[in-house]
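**Q** Here is a sequence together with a model predicted from it:
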Amino acid sequence: MLLAAAFTLLPALFPQPRVPTVTRAALPVATSPAATSPAPATPEAPVYPTTSSVTPLISGRVNLNSASLEQLEALPKVGPALASRIVAGRPYRSLADLDRVKGVGPAALKALGPLVSF
């Protein structure tokens, strides 16, 4: 009797892991190459915009005394707020004058030096 109870409770205490079954009916049916439509001989290449269609904001050095806000914002380390402060602080005669603008530090001066004129 005890042995019969052990065989009855054994599956409840130690259930067998469920293993998913895969049948051929669940798998996609392969079609023959003749049944599919032929692939195009040359696939169409994607079309990307070219740089010739884009007008650059900066060509050469940017004159800090006459540049627009958009041209100033195109410079490295210059955002909208700093560009406004640069315009408000005009005229400039040297990098030392630019250094007096709030937000322009040594890193910005180093980056802007070769890109600006006065």
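**A** Looks like it arrived, so ask away. Residues are numbered from 1 along each chain as shown.

**Q** what about the strands in this structure?
**A** Ranges of strands in the chain, per DSSP state E, are 62-63, 116-117.

**Q** In TSV: those, plus distance to residue 13 and mean neighbour count.
**A** For every residue, glycine as well, the C-beta is placed using N, CA and C. Formatted as TSV, the strands of the chain follow (distance: least, C-beta to C-beta, whole Å; neighbours: other C-beta atoms under 10 Å):
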stretch	distance to residue 13	mean neighbour count
strand 62-63	80	16
strand 116-117	81	16
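
**Q** Out of those strands, the one nearest residue 110 is which?
**A** Residue 110 lies closest, by C-beta to C-beta, to one member of the strands of the chain: strand 116-117, at 11.8 Å.

**Q** who's in contact with the closest one?
**A** 61, 62, 63, 64, 75, 95, 98 (C-beta atoms under 8 Å, 6 or more residues apart in numbering).

**Q** ok, the second one touching residue 75?
**A** Yes - applying C-beta atoms under 8 Å as the test, residue 62 and residue 75 come out as touching, 6.3 Å apart.
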